[in-house]
Structure formats: structure tokens, C-alpha cells
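Engineer: no sequence on this one, just coordinates:
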């Protein structure tokens, strides 16, 4: 057990209450089996998404004491979440490799002078716990403002198709320098792919009938974190409303000036998608249900 794990055990009791608030004990029985499997895997992946993105963005563990203190705190919090899921029986087969990834990151963290290092780690752990509390409070406030009484809102098949559960892992992989970490992340991606592919084979004729534009497209450019600007894509196989090789702009949000509440679709440069969209007055495309990823970037 690391100093971060020990301190988290002392100050992290509040997280148990937050876990109870967001716990998913069942899923929407109206979802097809493949969609329920996708949602379950998405839940099991949640504890490592943040630290995987951190790993891909750099700097890598082992380079600086202050940065390593942040790594140690992040690993401890993620490990706590994985173990909590495993104890509750909701890790969906991902916990073992999630823990291997966290153990590997731990091994990459450098050896630093004891007193200053311990203090820095405790401070980072406290910051993460406080940030999670603030996030939970903000979530409750947003639900209250929308007059939502239940924090458990189930994604639809359309939402799950537009947000592949491996999106963040694919975003991180190119920037991961450690071969062992990269192999573990790719292994998790391989576990997630079959249920998504099965969802893509569902009958989506009704969704496609409602779209102004249907085409296959290749994503040209995406700027992570810049959700207000449309994403550039090129039509590779038109079906309705566009022409082959036409450049199109795909919106990530319906209203760029509104309060951000998540993107409509998760896109990465180089991916190929089947787009079902409304064409807006400014010519941009608003993704609708039926939009799904055909192939990842290579």
C-alpha cells in the first residue's frame, strides 16, 4: 500500500456516500442485450479513463517529484474506485487489467525524498477528494435546475453508438510512451469492441429515415477540448443529401453558446463513421441517432 492509498483511506470516507449516489444496480431492460453489455463495460471502464488520458497527454511518471505526487494520488483514487466496483460485482471483467495498468504506473513513479514527498502526495489526494465532492455537488445542482429527481438516467442505443466506450482510450494511446501501459490499454480496447460492433448491426432503418443527410465520412481534424467548433470531415460514400468527396462540418454540440452538457458524438481524427444528420441553415451537420463509428483510426 502506498502513502497515497493510506491517506486516501483516512480522508476518503466521503467518497463512499458519493458511490452510493451514482451506483448503477440495474439497467434499462428495454435496451437490447448488446447495448446493456456496452453500458456495463462503459461503467467498468470509468475508474481509469482520467488517468489513461493523463498518461497519453504526458509528462510520463518518473520525471519530476511534483508531477509524480499527482500521479500517485490519481493512481490511489482510481485503484480505490476499481476495487469498489470489484467488491460490488460491477467491474464486468475489466478490474484485473485496470489494476495491472495502475500497478504499472505506480512502478514508473520515481523515488523521492520522504518528508517532502509524503506531504505533496497527501496534498494531491486531498485536492482530488475535494474536487470530486465539488463535482458531485455541481451535478446535484444541475439536476435540480432541470427538475430531475433521479440521477440515474439511462443512455439510449443512439447515444451509446455516438459515444463508443473506447473513445478515450483510443485518444490516449498515441501519446503513451511506456510499452507495457500501451499494451494493457489496447487489451481493454479489444474487450470493448465486440459489443459495440454488435450494436452497429441493429436495425437502424427508422433512425436513418429521419435524417436529412446520410453518408459515410472520414474525420479529418479534431481538436480535443474544443467542442464549440465543428469537426471537419470528408464524405467517402454518400447516401442522401451530400456528394462524394464533399467536405462537411459536423457539430459536437447543438448550441455552441449554451451551457456545456456533453458532446453529441465522440470523434477522433482518422476514424470512419456513418453519419445520420440534420443539415442546419449554416450548412453544418447535427448528428442524430443512427450515427455510428465504422472504423477506428489506423
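Structural biologist: That came through fine. Bear in mind that the values here come from a model prediction, so they are computed numbers and not experimental data.
Engineer: Let me see the domain layout of the chain.
Structural biologist: If you go by automatic domain parsing, the domain ranges for the chain are 3-200, 207-295.
Engineer: want to throw those into JSON lines with mean pLDDT and mean neighbour count?
Structural biologist: Any C-beta I mention is one placed from the backbone N, CA and C, and that applies to glycine too. Shown next, in JSON lines, are these (pLDDT from 0 to 100; neighbours: other CB atoms under 10 Å):
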{"stretch": "domain 3-200", "mean pLDDT": "88", "mean neighbour count": "17"}
{"stretch": "domain 207-295", "mean pLDDT": "94", "mean neighbour count": "17"}
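Engineer: Touching, residue 269 and residue 297? I think so.
Structural biologist: Yes - using CB atoms under 8 Å, residue 269 is in contact with residue 297, at 6.3 Å.
Engineer: can you list residues touching both of the two?
Structural biologist: Shared contacts of residue 269 and residue 297 (CB atoms under 8 Å, 6 or more residues apart in numbering): residue 219.
Engineer: Please enumerate the helices of the chain.
Structural biologist: Applying DSSP state H to the chain gives helices spanning 3-11, 13-22, 33-57, 65-88, 95-108, 114-145, 157-162, 167-172, 179-200, 205-209.
Engineer: Same list (the ones you listed) but as TSV, adding distance to residue 285.
Structural biologist: Below are the helices of the chain laid out as TSV (distance: least, CB to CB, whole Å):
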stretch	distance to residue 285
helix 3-11	44
helix 13-22	33
helix 33-57	24
helix 65-88	36
helix 95-108	36
helix 114-145	27
helix 157-162	13
helix 167-172	19
helix 179-200	19
helix 205-209	14
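Engineer: Excluding chain neighbours, what is closest to the residue most central in space within the chain?
Structural biologist: Nearest to the geometric centre of the chain sits residue 168, at 4.7 Å (CA atoms, centre = their mean). Spatial nearest neighbour of residue 168, excluding adjacent residues (CB to CB, 6 or more residues apart in numbering): residue 49 at 4.8 Å.
Engineer: Can you tell me how far the one you found is from residue 98?
Structural biologist: From residue 49 across to residue 98, the span is 10 Å (CB to CB, to the nearest Å).
Engineer: same check, this time on residue 89
Structural biologist: 15 Å.
Engineer: Kindly report the same for residue 112.
Structural biologist: Taken as CB to CB, the span from residue 112 to residue 98 is 26 Å.
Engineer: Contacts made by stretch 237-253 with the rest, please.
Structural biologist: Counting by CB under 8 Å, 6+ apart, 211-217, 220, 227-236, 260, 263-265, 267, 275, 277, 279-280, 283-287 sit against stretch 237-253.
Engineer: Quick check: phi and psi on the closest residue to residue 177 other than its chain neighbours?
Structural biologist: Distance criterion CB to CB, 6+ apart; nearest residue to residue 177, sequence neighbours excluded, is residue 60 at 5.4 Å. Dihedral pair for residue 60: phi -70, psi 160, per degrees, to the nearest 10.
Engineer: Thought residue 175 was touching residue 60, still the case?
Structural biologist: No - with contact defined as CB under 8 Å, residue 60 does not reach residue 175; the gap is 9.3 Å.
Engineer: Hmm, residue 78 is touching residue 49, no?
Structural biologist: No - using CB under 8 Å, residue 78 makes no contact with residue 49, being 9.1 Å away.
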